[in-house]
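Asker: I'd like to go over a predicted model; first the sequence, then the structure.
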Amino acid sequence: MERLALLSHRLEEDVERANSILEQANQIVVLTGAGVSAESGIPTFRGRGGLWRSRRPEELATPEAFEESPELVWEWYQWRRRLIAECSPNAGHQALARLALKKDGVTLITQNVDGLHSRAAQTEAKALNIPDAQAAFPLEVHGAINRDRCSLCDRLTDAVSHFQLGPPQCNDCGGPLRPDVVWFGESLDPIIIGAAQEAALRADVCLVVGTSALVHPAAGLPSMTLRAGGLLIEVNLEATTLTNQAAVSLQGRSASLLPRVIKA
Ligand code: OAD
């Protein structure tokens, strides 16, 4: 009982410290991963029940897999699109959107392709009477699942019906459409990852939420902030390779911790 009280007192102190570091910072970068959407009902990749626990990424998330089995890959992404369409942003997405809308110098970066940060940005901007939600739209370094891209001519379109069987054809060149997400073995958009790296380098604080920080180059962003003299705050259910380098490490669920860390 006493130990529990001590632990919750320590967590409370850590939350206060994280809050005060964020309040004092002029430039903040936030890097999120699948954990921030877990409480919205979207499975993570590597944790318990994670997508890569039952399927190998090479079967579903590589250009080679799409070439060999386009129907299978397409079907898996359509399943994820349907799942995501039924989910809503949680209190963690909302807190981050409020931070980015209300404080100058905040850059949101996400590895998630689910679009929940942008949806939270729109509802929070409306609630705060801010006409433009742009400041809270994240840099989506791994793409967006709700967009299709022609695998031949790169033309971008909104995703077609979630019930479409097999990849549809591009209206321009007839090539097969694929989701506009980054697959293993592919490069990230240099403009987007370049902007993310610039933001990480100039940040006083990098707030890292719900990522195992294993997939590069996104996983290297917090180290860029650290090397440039900034601080790291981590929010995660468990310890990661970044935990030892964090000025504050908050272990718990992001949907309950973020609204406490970001009070304003
Ligand atoms: P992972 O599945 O690797 O890691 C999710 C992290 O979230 C783990 O460290 C969990 O402990 C943590 N977590 C789970 N639930 C949480 C919660 N409620 N609150 C806080 N933390 C929680 O997902 P990512 O690190 O995002 O890439 O994976 C990185 C990339 O690998 C993904 O973007 C995807 C994947 O393959 C591509 O698709 C290119």
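Answerer: That came in fine, so what should we check first? Given the structure is predicted, the values throughout are model-derived calculations rather than measurements.
Asker: Specify the beta-bridge partners of the residue most central in space within the chain.
Answerer: Centroid check for the chain by CA atoms, centre = their mean gives T110 as the closest residue, at 3.0 Å. Note on T110: beta-bridge partners T32, E140, judged by DSSP bridges.
Asker: mind listing what it touches?
Answerer: Contacts for T110 (CB atoms under 8 Å, 6 or more residues apart in numbering) come out as 31-33, 36, 117, 138-142. For glycine as for every other residue, the C-beta is placed from the backbone atoms N, C-alpha and C.
Asker: Also within reach of the ligand: list those from those residues.
Answerer: The subset of the contacts of T110 lying close to the ligand, counting by CB under 6 Å from any ligand atom, consists of 33, 142.
Asker: Just the mean pLDDT for the host helix or strand of T123, thanks.
Answerer: Here T123, judged by DSSP states H and E, is contained in helix 116-127. Averaged over helix 116-127, pLDDT sits at 98.
Asker: May I ask you to confirm that N19 is in contact with V261?
Answerer: Yes. Using CB atoms under 8 Å, N19 makes contact with V261 at a distance of 5.5 Å.
Asker: For A91, see how far away A25 is.
Answerer: Distance of A25 to A91, computed by CB to CB, to the nearest Å: 22 Å.
Asker: Wasn't D114 part of a strand?
Answerer: No. Assignment of D114 by DSSP: H, G, I helix; E, B strand; the rest coil gives coil, placing it outside any strand.
Asker: Could you find the closest non-adjacent residue to it?
Answerer: Of all residues not flanking D114 in the chain, I84 sits nearest, at 4.8 Å (CB to CB, 6 or more residues apart in numbering).
Asker: Please identify the buried residues of stretch 91-107?
Answerer: 91-101, 103, 106-107 (16 or more other CB atoms under 10 Å).
Asker: quick one on the thing from earlier: surely the residue nearest to D114 and G41 touch.
Answerer: No. Applying CB under 8 Å as the test, I84 and G41 come out as separate, 9.0 Å apart.
Asker: Now do stretch 240-252: distance from first to last residue.
Answerer: 13 Å (CA to CA, to the nearest Å).
Asker: Determine whether any part of that stretch lies close to the ligand.
Answerer: Yes. Legend: contact between stretch 240-252 and the ligand by CB under 6 Å from any ligand atom is shown at T240.
Asker: where does this protein have low pLDDT?
Answerer: 1-4, 6, 162, 264 (pLDDT under 70).
Asker: Show me the strands in it, by range?
Answerer: Taking DSSP state E as the test, the strands found in the chain are 28-32, 106-110, 139-140, 143-150, 156-158, 177-181, 205-209, 231-236, 248-251.
Asker: Distance-wise, check A159 relative to the ligand.
Answerer: 16 Å (CB to the nearest ligand atom, to the nearest Å).
Asker: Bridged to V235, which residues?
Answerer: Bridge pairing for V235 - DSSP bridges - gives V209, L250.
Asker: I figured it hits I262, correct?
Answerer: No. Taking contacts as CB under 8 Å, V235 lies outside contact range of I262: 10.5 Å.
Asker: Same drill for these two, tell me which one is more crowded.
Answerer: In this view V235 and I262 are compared by other CB atoms under 10 Å, and V235 has more residues nearby, 28 against 23.
Asker: contacting residues for the more buried one?
Answerer: 207-210, 250, 252, 254, 257-258, 261.
Asker: any chance of those in a markdown table, plus neighbour count?
Answerer: Putting the contacts of V235 into a markdown table (neighbours: other CB atoms under 10 Å) gives the following:
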| residue | neighbour count |
| --- | --- |
| L207 | 31 |
| V208 | 27 |
| V209 | 24 |
| G210 | 28 |
| L250 | 22 |
| G252 | 16 |
| S254 | 27 |
| L257 | 22 |
| L258 | 28 |
| V261 | 25 |
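Asker: Many thanks, we can stop here.
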